[in-house]
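Asker: Got a sequence here, can you model it:
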Amino acid sequence: MPRQHSTGGKPRLGSISKMGNRHLRKLLVVGAHAALYSMKFGKTRTTMADWARILLAKKPFKVVAVALANKMARIAWAVMVRSTAYEPGSHGAVASAA
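Answerer: Got it, this is the predicted structure:
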């Protein structure tokens, strides 16, 4: 769970805590690494790949991998809670990068 320290109406996110299942967290980050390598060296054109490329231009690879793992976990949770199929592009990935 990320920490948050807000001041002056501006949210400042802190470090990621070690809450939750350690094995699942590790698998999400490893999966994010694999997806990033595929996006980085492939010609993948999805909103998620575009979002990752924008972040890779600004942030280190491992930071982007953890951000992608976080995004994948949130999408997986939403799909599970709503009992729906995953619909690529319906999660607003590019809008959240700006």
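
Asker: Only C-alpha atoms from now on, for both contacts and neighbour counts.
Answerer: Noted.

Asker: Low-confidence ranges, this structure, go.
Answerer: For the chain, residues meeting the criterion pLDDT under 70 lie at 1-7, 11-17, 89-98.

Asker: residues touching the spatially most central residue of it, list them.
Answerer: Ranked by distance to the mean C-alpha position of the chain (C-alpha atoms, centre = their mean), the top residue is residue 68 at 2.4 Å. For residue 68, the residues meeting the contact criterion (C-alpha atoms under 8 Å, 6 or more residues apart in numbering) are 29, 32, 52.

Asker: how about the regular element (helix or strand) spanning it: buried residues?
Answerer: Element membership of residue 68, judged by DSSP states H and E, is helix 61-82. The neighbour-count check on helix 61-82 (16 or more other C-alpha atoms under 10 Å) flags 61, 64, 65, 66, 67, 68, 69, 70, 71, 72, 73, 75 as buried.
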